[in-house]
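Undergrad: need coordinates for the below:
(2 chains)
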Amino acid sequence: MAGVLDAFRVENWRKPHVVMAMGKGGVGKTTVSLRLGLEAARRGMRVLVASLDPAGHLLEYLRLPAPLVEKEIHPGLRAVQFDVERVAKSVAEEYALLLRRLTPGLEALGGSDATRAIRDAPGFEEEVFLRILEKLYQRRDVDLVVVDMPPTGIALRVVALPRLHLFWAQRLREIRERIVSIKYAIANALGRREEISDPVLSKLRELEERNQALHREMTDPSRTSFMAVATPEPLPVYEVKVIAEKLRDLGASLEAIIANRVLGEKAAQLGLGGLEAESLRRLEVLRCSLRPPPGLVLIAHAPRPPSRIEDVEALDRYVLRVVVDGCGG
Amino acid sequence: MPGRILRLIRRAAVEAKNFLAGLHVALVEQSVEALELEMLELQHVFLTLVLGSLVGLPLAPLGLAAELSPLLEDEVKVLYERTWRGGDVISDLFSRMGGEW
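TA: All right, here's what the predicted structure looks like:
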């Protein structure tokens, strides 16, 4: 029986492997992530499905007791919903505490205002997502982590962040090295013994190594796979194209495209036949324009929206087609 | 004879007046130069804070800055003191210039 997992080159995976599910909000990323996790667990892998989607569907879906609490929902399959708001708040408080110590002038703003100012700062949310991802990459107690990512824009910025951090860490390290060498030269001229070690320089080297490793892992297809989910409609399909292009810019590649909620014959009855056929054609054209071409899975529209793990198990009957070749070389 | 002495005194007075005027101009110019230097530095600080990201000085990502900041406590204090301690900036500058002012 064909499944979502068949669209991936599993034989090339190094464990633990990370699959990131991306796509427009509301296309079924959570359902497809759970489906992928379930299929991998059935093949004997130890799987964790982690949802970073602020919509928080996983909690309700799996009747999870609370955010950040991992629960085994099927033999070999665990799930956790990250409460990004809560994580963001605690990280913002941590930063605000640090800033208040550095710049006592901020006291005038009051504690909660400083926290809010940081919480709303551009780029802050991406930093929080990256922190969570970094921790997921460190997991060694599972074979596969399926990450249900937030909607496309923020997800792509998070994936790009290690490269940006790496760029900054390298430039700052170069400047810091100059500062340290001048300090050393002055001390030498004055006949003082100066320690060459500098904690800031050591930290910058650590940050450089950490971000380089994370960027390398995110762009290594044996360690990370990207899957784009779309319903057969113009905007979700367009977002798959945006995802593929951005990933190519970052040196990564899309490994699977999932066309979810395909209406098939019902589309014609609803007068949507042309629109759906054109959307699927565009996905196929996009797939064949990428090297290597990602796998394509078509999942039929279920009569009622999946909202329990049993519904995900029942998707066996709805996987219409899995295409992994056929792009004419 | 008394007329010659008078002329000499008058000339010495003029020279002394010119000398003092020159000294005054030199002192003013030196002070203005120091103030201009200080103003330029403050303008740089101000522009960096306000327009840093638009004039080719993009700011480091928040996460990176947060990880480095605990180690930069002393440096941050110096920066903030120089930026906000407006009244004392000139004395800071003069003491950096090394003289007994």
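
Undergrad: tell me the mean pLDDT over whichever helix or strand B:Val76 is part of?
TA: Assigning secondary structure by DSSP states H and E places B:Val76 in helix B:73-84. Taken as a whole, helix B:73-84 carries a mean pLDDT of 71.

Undergrad: stretch A:209-226 too?
TA: 96.

Undergrad: now do stretch A:135-144
TA: Mean per-residue pLDDT for stretch A:135-144: 95.

Undergrad: buried set for it?
TA: A:Leu136, A:Tyr137, A:Val142, A:Asp143, A:Leu144 (16 or more other C-beta atoms under 10 Å in any protein chain shown). From N, CA and C alone the C-beta is placed, and that goes for glycine too.

Undergrad: what does stretch A:33-47 give?
TA: In stretch A:33-47, counting by 16+ other C-beta under 10 Å, buried: A:33-42, A:45-47.

Undergrad: quick one: the helices in chain B, in order.
TA: Under the criterion DSSP state H, chain B contains helices at B:2-51, B:62-68, B:73-84, B:89-97.

Undergrad: out of these, deepest packed?
TA: Neighbour counts averaged per stretch over the helices of chain B are highest for helix B:62-68, at a mean of 19; criterion: mean count of other C-beta atoms under 10 Å in any protein chain shown.

Undergrad: tell me which strands and helices it is in contact with?
TA: Packing contacts for helix B:62-68, counted by 3 or more C-beta pairs under 8 Å, 6 or more residues apart in numbering or on different chains; DSSP states H and E, involve helix A:84-102, helix A:124-137, helix A:152-189, helix A:199-219.

Undergrad: which stretch among the ones you listed comes nearest chain B?
TA: Counting by C-beta to the nearest C-beta, chain B lies closest to helix A:124-137 out of those; the figure is 3.9 Å.

Undergrad: where does chain B have low pLDDT?
TA: B:1, B:45-47, B:49-50, B:52-53, B:55-57, B:80, B:82-101 (pLDDT under 70).

Undergrad: rerun that using 90 as the cut-off
TA: Along chain B, the model assigns pLDDT under 90 to residues B:1-6, B:24-101.

Undergrad: could you find the closest non-adjacent residue to the residue of it found nearest chain A?
TA: Scanning chain B for the residue nearest chain A gives B:Gly63, at 3.9 Å (criterion: C-beta to the nearest C-beta). Distances taken as C-beta to C-beta, 6 or more residues apart in numbering or on different chains place A:Glu127 nearest to B:Gly63, at 3.9 Å, with adjacent residues excluded.

Undergrad: what count of nearby residues applies to the one you found?
TA: Applying the criterion other C-beta atoms under 10 Å in any protein chain shown, we find 21 residues in the vicinity of A:Glu127.

Undergrad: hang on, it packs against B:Ala65?
TA: No. Applying C-beta atoms under 8 Å, one finds A:Glu127 not in contact with B:Ala65, separated by 9.9 Å.

Undergrad: what angle separates the helix or strand harbouring A:Leu235 from helix A:199-219?
TA: Assignment of secondary structure by DSSP H and E places A:Leu235 within helix A:234-249. Taking axes from the mean of the first three to the mean of the last three C-alpha atoms, to 10 degrees, one finds that helix A:234-249 is oriented at 120 degrees with respect to helix A:199-219.

Undergrad: of all the buried residues of stretch A:33-47, which comes closest to chain B?
TA: Compare each of the buried residues of stretch A:33-47 with chain B using C-beta to the nearest C-beta and the shortest gap goes to A:Ser33, at 25.5 Å.

Undergrad: can you count the residues close to A:Gln97?
TA: Heads up, residue A:97 is Leu, not Gln. Applying other C-beta under 10 Å, we find 13 residues neighbouring A:Leu97.

Undergrad: next up, the contacts around it.
TA: If you count contacts by C-beta atoms under 8 Å, 6 or more residues apart in numbering or on different chains, A:Leu97 has none.

Undergrad: tell me the pLDDT at it?
TA: Reading off the per-residue confidence, A:Leu97 sits at a pLDDT of 78.

Undergrad: same deal with the one 4 residues further on?
TA: A:Arg101 carries a pLDDT value of 71.

Undergrad: residues from chain B in reach of chain A?
TA: Counting by C-beta under 8 Å from any C-beta of the partner chain, the positions of chain B adjacent to chain A are B:60-64, B:66-73, B:76-77, B:80, B:84.

Undergrad: quick revisit: can I get the helices of chain B in TSV including distance to A:Asn260?
TA: As requested, these are exported to TSV (distance: least, C-beta to C-beta, whole Å):
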stretch	distance to A:Asn260
helix B:2-51	46
helix B:62-68	33
helix B:73-84	50
helix B:89-97	63
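
Undergrad: enumerate the residues of the stretch 201-329 of chain A near chain B.
TA: With C-beta under 8 Å from any C-beta as the criterion, the stretch 201-329 of chain A comes near chain B at residues A:Lys203, A:Leu204, A:Leu207.

Undergrad: do that again at 10 Å, thanks
TA: Listed as neighbours of chain B in the stretch 201-329 of chain A under the rule C-beta under 10 Å from any C-beta of the partner chain: A:Leu201, A:Ser202, A:Lys203, A:Leu204, A:Glu206, A:Leu207, A:Arg210, A:Asn211.

Undergrad: counting by contacts, list what the helix or strand of chain A with the lowest mean pLDDT packs against.
TA: When the helices and strands of chain A are compared on mean pLDDT, DSSP states H and E, helix A:111-119 comes out lowest with a mean of 72. For helix A:111-119, the elements it packs on are helix A:84-102, helix A:124-137, judged by 3 or more C-beta pairs under 10 Å, 6 or more residues apart in numbering or on different chains; DSSP states H and E.

Undergrad: in that helix, what's buried?
TA: A:Ala114, A:Thr115, A:Ala117, A:Ile118, A:Arg119.

Undergrad: kindly indicate which of the residues you listed lies nearest chain B.
TA: Checking those against chain B with C-beta to the nearest C-beta, the nearest one is A:Ile118 at 7.8 Å.

Undergrad: confidence score at the nearest residue to that closest one once chain neighbours are set aside?
TA: Among residues not flanking A:Ile118 along the chain, A:Ala92 sits closest, at 4.4 Å (C-beta to C-beta, 6+ apart). On pLDDT, A:Ala92 comes in at 84.

Undergrad: pull the contacting residues for A:Ala92.
TA: Contacts for A:Ala92 (C-beta atoms under 10 Å, 6 or more residues apart in numbering or on different chains) come out as A:Ala114, A:Thr115, A:Arg116, A:Ala117, A:Ile118, A:Arg119, A:Asp120, A:Ala121, A:Phe124, A:Val128.
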